[in-house]
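[1] predicted model and sequence below, questions to follow.
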Amino acid sequence: MTLPEGATEAQPVSGGDLNEAWCVRLADGRQAFVKTRKQTVPGEYAAEARALGWLAEPGALPVPTVIEVHERYLVLDWIEPGQLDEAGEERLGRGLAAVHAAGAAHFGDPFGTGDRSDGARIGSLRLPNDPAADWPSFYVQRRLEPLMRMASERRAISGACANALARVCARIDELAGPPEPPARLHGDLWWGNVLADTHGLPWLIDPSAYGGHREVDLAMLALFGRPPRRVLAAYNELHPLADGAEDRVELWQLLPLLVHAVLFGGSYGAAVERAALRYVG
């Protein structure tokens, strides 16, 4: 492992499948969270630090303060973990609505110049993040099609599944719902990336941020069990979802399901196929 100079009292903590995670005492006495690993992608931790700052800009939900960015590690302020309470659930819903409403310059990389992108990281995968003119095009060209190729190459999905996905892609304009402006997305918003503090309030961690459709973040929260009723109620009070949003949940869940199929195989390929068949007509 590589830790900041002078760090002491290093204790391993949970922090995901890709990185090692540590709770350390810095040389100045502060407690901090450090993520590190032997083989990093150049600029990876800097990109995560920028994403955290971008999500923090609206002032709607807290994110950990970035203390230091290094090619081999990222140092964040330590958040003592607790459990999300009722007020925290409501704050998460309102906060996500405000973060999404803060918007993005375009669908795709929020930090690029508009003509290229170094890609989006989801787990150990890199996906193209180049801007697109509209959300359906971005979702198909930058998310579904690259993941379909990876999944097919690794034999994580069947030929029938690939065919169903291709048919979904062909119908995406009619399936995607009413056009919306680019939302400011966390981009990898499963429940493991919502950290509750000791006051029961939510923090956003480990983003893969980009400009996208706001329903995608909510669909990912619902992937392994529906979000608490208070989260969605509070969200809709501030930023109501468009008609038909409930029917599009599995359409957006194709993204994380394909990611899981590529990374872990197993039954995820069948889950992708079941979701895709809902939308092939």
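    In hand now; what should we look at? Note that the structure is a prediction, hence the values are computed from the model and not measured.
[2] can you pull out the helices in the chain?
    For the chain, the helices defined by DSSP state H occupy 44-56, 86-102, 135-138, 145-153, 159-170, 172-175, 214-221, 229-238, 249-264, 268-277.
[3] so which of those helices is nearest Pro12?
    Proximity to Pro12 (CB to CB) singles out helix 44-56 among those, at 18.5 Å. Where you see a C-beta, it was placed from the backbone N, CA and C, and this is true even at glycine.
[4] please save the CA atoms from the closest one in CSV.
    Provided in CSV are the C-alpha atoms of helix 44-56 (Å, rounded to 0.1, in the frame of the first residue of the first chain):
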residue,chain,number,x,y,z
GLU,A,44,-7.8,8.6,-11.8
TYR,A,45,-7.8,10.1,-8.3
ALA,A,46,-7.7,13.6,-9.6
ALA,A,47,-10.8,12.9,-11.6
GLU,A,48,-12.6,11.6,-8.6
ALA,A,49,-11.6,14.7,-6.6
ARG,A,50,-13.0,16.9,-9.4
ALA,A,51,-16.2,14.9,-9.4
LEU,A,52,-16.6,15.3,-5.7
GLY,A,53,-16.2,19.1,-6.0
TRP,A,54,-18.7,19.2,-8.9
LEU,A,55,-21.3,17.3,-6.8
ALA,A,56,-20.6,19.6,-3.9
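[5] and that helix, what's buried?
    Buried positions in helix 44-56, judged by neighbour count with 16 or more other CB atoms under 10 Å: 44-45, 47-52, 54-56.
[6] show me the domain layout of this structure.
    Following automatic domain parsing, the chain resolves into domains at 8-77, 86-277.
[7] ok now the last one, how far from the chain's centre?
    For domain 86-277, the separation from the chain centroid amounts to 7 Å (computed by CA atoms, centre = their mean, to the nearest Å).
[8] for stretch 160-175, the averaged confidence score.
    Throughout stretch 160-175, pLDDT has a mean value of 98.
[9] stretch 187-205 now?
    Mean predicted confidence for stretch 187-205 is 96.
[10] any idea how far apart the tips of it sit?
    11 Å (CA to CA, to the nearest Å).
[11] neighbours of the residue nearest to Leu238 when sequence neighbours are not counted, how many?
    With CB to CB, 6 or more residues apart in numbering as the criterion, Leu238 has its nearest non-adjacent residue at 4.0 Å, and that residue is Ala97. When neighbours are defined as other CB atoms under 10 Å, Ala97 has 22 of them.
[12] hang on, Ala97 packs against Tyr235?
    Yes: counting by CB atoms under 8 Å, Tyr235 is a contact partner of Ala97 at 4.7 Å.
[13] Val216 reaches Glu250, doesn't it?
    No: judged on CB under 8 Å, Val216 makes no contact with Glu250 at a distance of 11.9 Å.
[14] ok, the two, which is more surrounded?
    Per other CB under 10 Å, whichever of Val216 and Glu250 has more neighbours is Val216, with 26 against 19.
[15] list the contacts for the more buried one?
    Residues in contact with Val216, defined by CB atoms under 8 Å, 6 or more residues apart in numbering, are 185, 187, 252, 255.
[16] now, which of the residues you listed sits nearest Ala164?
    Leu255 (15.1 Å).
[17] nearest residue to the closest one other than its sequence neighbours?
    In this structure, Leu255 finds its nearest non-sequential neighbour in Arg143, 5.3 Å apart by CB to CB, 6+ apart.
[18] likewise for Ser152?
    Per CB to CB, 6+ apart, closest to Ser152 is Ala162, 5.5 Å.
[19] go on, Ala98?
    Nearest non-adjacent residue to Ala98, counting by CB to CB, 6+ apart: Ala60, 3.5 Å away.
[20] fine, thanks again, bye for now.
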